[in-house]
Each structure stands twice: as structure tokens, then as C-alpha cells.
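Return atomic coordinates for the entry below.
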Amino acid sequence: MADSQILLSIIIPAFNAENYIEKCINRIVPLLDCDVECIVVDDGSTDNTLKLLRNISNDIVNINIISQNNTGVSGARNNALKKANGKYICYIDIDDVIDTGTLKKVIEYLRNNLSEELVVFPHYEGNESKGFILKEQILHEGKNTDLMELYKATFSQKLNEPWKKIFRADILLNNDVKFPTDMYMGEDLCMFVDYLQYIHCFTYINLPYYYYYKNDDSASAMIKTSFIEQEMKLYACLGNFIQKQSLDRILSQENDRLLLHKITRYIKGLVDHNVSKRDIKFVIIQSGAEDRLNQIEFNNKADKIRKWLLVHRKYYTLTVILKIFKGK
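Numbering: from 1, shown residues only. Below is the predicted model of the structure:
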């Protein structure tokens with residue numbers, strides 16, 4: 001990190017984002033001054049993203065546009081971090097928006113609290129057609145040295161996204177904490193549990209400045225067999241952290257249970273999209289999911305049934321049951 005007076009670096013990856021640039025950047029510009037910078041990474045876009053970014057940024061102080069070959073969102077974030085001058089780092093996705101006034105309050109808080117190691121926030125989730133709802137975290141407000149509270153929220157996978165947190169740049173850089181570039185699902189959480197190894201406290205502030213745009217229809221339509229392989233990578237990452245930190249068995253059980261629920265929901269999605277039983281069976285075996293889940297003993301009756309149906313490859317029966325009980 002360069003020697004400077006920059007307090008906060010806002011990092012925004014952008015790929016084929018010409019429809020979102022103006023709305024996102026206009027919310028950021030009023031925040032940019034002597035101690036706040038913005039780094040936008042054009043990740044090999046093939047539309048007018050780079051051209052628009054350069055036009056918009058011409059007369060703006062403290063905005064840096066980086067152009068690179070496409071590496072994916074993780075590579076873009078990692079490369080931007082190398083160029084960041086801020087004491088703190090926050091990440092924003094270009095197709096989401098922030099509340100400028102609320103983020104100003106967060107920045108003022110950082111100016112007055114320079115010893116923070118991690119700051120966590122609630123956020124809004126939704127879209128214009130359905131509206132937005134506030135997604136609060138189950139964390140006690142204020143500064144907290146009880147990391148177990150943070151671990152429980154993390155391993156229930158309610159703290160996945162990087163944009164609901166502000167990180168210390170020196171912790172990221174000195175410990176080579178990066179987003180894994182071999183993952184396109186779960187990479188945010190893997191990066192976060194790596195970061196958790198190096199902190200001693202965190203602060204939860206009730207200043208929801210982030211509006212996450214959720215498109216439920218596209219999420220279900222994009223289910224692929226490779227999601228299961230990605231899920232196994234995430235499961236291994238979380239399991240390694242639990243083992244390394246000698247954490248409570250409850251967290252390991254939660255990790256196991258979430259793996260079961262996610263894999264079975266993916267199977268339902270694949271069946272719904274007419275993926276053959278043969279293809280589902282192949283990826284379940286190849287990924288190691290079937291073997292791993294077969295080794296786990298679940299206490300809950302419903303989880304036992306899920307596991308039995310999965311390891312006995314009753315994928316269609318599993319799908320019918322999940323539909324009846326709506327995935328519960």
C-alpha cells in the first residue's frame with residue numbers, strides 16, 4: 001500500500017456494465033475527496049464499459065480506472081487491491097447502488113475510529129418491481145471481541161458478500177488474503193474466513209448503505225452441474241478453517257448441514273431443468289459430494305431423509321419432497 005493520507009479505497013469491478021455505470025458512479029462521486037478514492041476495474045469488457053468509465057472519470061478527482069484482460073470478479077478485485085492507497089477497503093458491485101448519505105456517515109465513523117479491523121453492516125435487498133427489504137445481521141451493535149458471534153454468523157452463511165463489510169488494507173496485503181480465482185461461487189466467503197484468521201475484534205454498525213439488486217428468476221435459470229463442484233470447494237475451505245482454529249463442533253455440524261441442504265437444492269434445480277439422472281449422478285460422485293455426505297451422521301429426521309435419498313440416488317423423489325415442503 002502506498003504511503004498516503006487516503007482513508008478509504010472503494011473498489012468496483014466492472015464487466016460489460018455499460019447499463020449500470022452512470023447510476024453507480026454518480027452515487028460514489030460525492031464521496032470522493034482528499035481521503036477517499038475509487039478504483040474501477042474494467043475486466044476485459046466487450047461493450048462500451050471502458051469508454052464510458054473514461055468519459056465519466058475525466059474531471060473527477062481520486063477516481064482511478066484500470067483496464068485489464070478478463071480474469072473474473074476475483075481477479076479484478078485482487079488487482080485493484082494492489083493499486084489501493086486507503087487504510088480501509090470496501091467493495092461495491094457495479095450493478096448495485098449505495099445510499100451516498102449513509103456511506104458518508106460510515107466514512108466519518110472511520111475517520112474517528114482508526115483502529116477498526118473489520119466493520120460489518122446490514123443491507124437492503126430486492127429490486128424496483130418488488131421493493132427492497134432491510135436484511136439485518138444477527139450481531140450485537142458496537143465493537144465486539146467475541147469472535148464466536150461472528151463465526152456463527154459466518155458459518156450460517158449470512159456474511160458471505162464482501163460489500164457488507166469494510167476491511168483493513170494492511171491485514172489483506174500483509175497476509176496475502178485474496179479472492180480465490182479458481183472459484184466463481186463461494187469465493188467471497190473463502191476470502192472472508194481467510195481474513196478472519198488475522199483479526200481480534202469487529203464492529204457491527206447499523207448504517208445500511210448498500211442496496212443489493214436481486215433477480216430471483218435468473219438465479220434459478222442458471223443452475224449448472226458445476227455448482228456442486230464449487231460447493232464442495234467452499235465446504236472444504238470452511239472445514240479447513242474450523243479445523244485450523246479448533247472451533248466448536250457446532251460450527252462443523254452447521255457446515256455439514258448447509259452442504260446437505262445446498263447440494264439437495266441444486267439437485268432439485270437440475271431435475272427441474274431436465275438434466276438427466278446420469279449427469280446428476282456423475283457430478284455428485286465426481287465432486288465427492290455423495291461420498292462425503294454418506295460419511296456424515298445427521299441428527300434431524302428431515303436431514304436423515306435428505307441424505308438417504310441423495311446417497312441412494314433417488315433424485316426425482318427428493319425433488320418431489322422438496323417441492324412439497326418448499327425446500328425445508
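
can you give me the strands in the stretch 101-250 of the chain?
Secondary structure of the stretch 101-250 of the chain (DSSP state E, counting those that start in this stretch): strands located at 118-120, 123-127, 131-135, 142-144, 165-168, 202-204, 210-213.

So which bits of the second one are buried?
For strand 123-127, a neighbour-count test (16 or more other Cβ atoms under 10 Å) marks 123, 124, 125, 126 as buried. The way it works is simple: take the backbone N, C-alpha and C, and place the C-beta from them, glycine included.

ok, so of those residues, who is nearest residue 152?
residue 123 (18.8 Å; Cβ to Cβ).

got the contact list for the closest residue in space to the closest one that isn't next to it in sequence?
Nearest-residue entry for residue 123: residue 210, 4.2 Å, with adjacent residues in sequence omitted and distances by Cβ to Cβ, 6 or more residues apart in numbering. Shown in contact with residue 210 (Cβ atoms under 8 Å, 6 or more residues apart in numbering): 92, 96, 98, 99, 121, 123, 124, 163, 164.

I figured the second one hits residue 163, correct?
Okay, so that is residue 96. Yes - using Cβ atoms under 8 Å, residue 96 is in contact with residue 163, at 7.0 Å.

looking at this protein, which helix or strand is least sure?
helix 216-221 (a mean of 48; mean pLDDT, DSSP states H and E).

pLDDT below threshold where in the stretch 1-150 of the chain?
1-4 (pLDDT under 70).

go with 80
Scanning the stretch 1-150 of the chain for pLDDT under 80 picks out the ranges 1-4, 137.

Next, count neighbours for residue 176.
7 (other Cβ atoms under 10 Å).

Can you check the pLDDT for it?
On pLDDT, residue 176 comes in at 97.

same deal with residue 155?
pLDDT, residue 155: 92.

before we move on, what about the one 4 residues further on?
Note for residue 159: predicted pLDDT of 92.

Quick check: phi and psi at the residue nearest to residue 298 when sequence neighbours are not counted.
Take residue 298 and drop its neighbours on the chain: the residue closest to it by Cβ to Cβ, 6+ apart is residue 304, 5.3 Å away. Phi and psi for residue 304, reported as degrees, to the nearest 10, are phi -60, psi -40.

Quick check, residue 304 in contact with residue 293.
No - applying Cβ under 8 Å as the test, residue 304 and residue 293 come out as separate, 11.3 Å apart.

Give me the more crowded residue out of those two.
residue 293 (20 against 13).

quick one: contacts for that one?
Applying Cβ under 8 Å, 6+ apart, the residues contacting residue 293 are 259, 260, 263, 307, 310, 311.

can you tell me which of these are in helices?
Among the contacts of residue 293, the members falling in helices (DSSP state H) are 259, 260, 263, 307, 310, 311.

returning to that earlier point: next, show the common contact partners of residue 96 and residue 163.
210, 212.

quick revisit: take the contacts of residue 210 and lay them out in JSON lines including distance to residue 242.
Formatted as JSON lines, these follow (distance: Cβ to Cβ, whole Å):
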{"residue": "92", "distance to residue 242": "30"}
{"residue": "96", "distance to residue 242": "31"}
{"residue": "98", "distance to residue 242": "33"}
{"residue": "99", "distance to residue 242": "35"}
{"residue": "121", "distance to residue 242": "25"}
{"residue": "123", "distance to residue 242": "26"}
{"residue": "124", "distance to residue 242": "31"}
{"residue": "163", "distance to residue 242": "25"}
{"residue": "164", "distance to residue 242": "22"}
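
Appreciated, that's everything.
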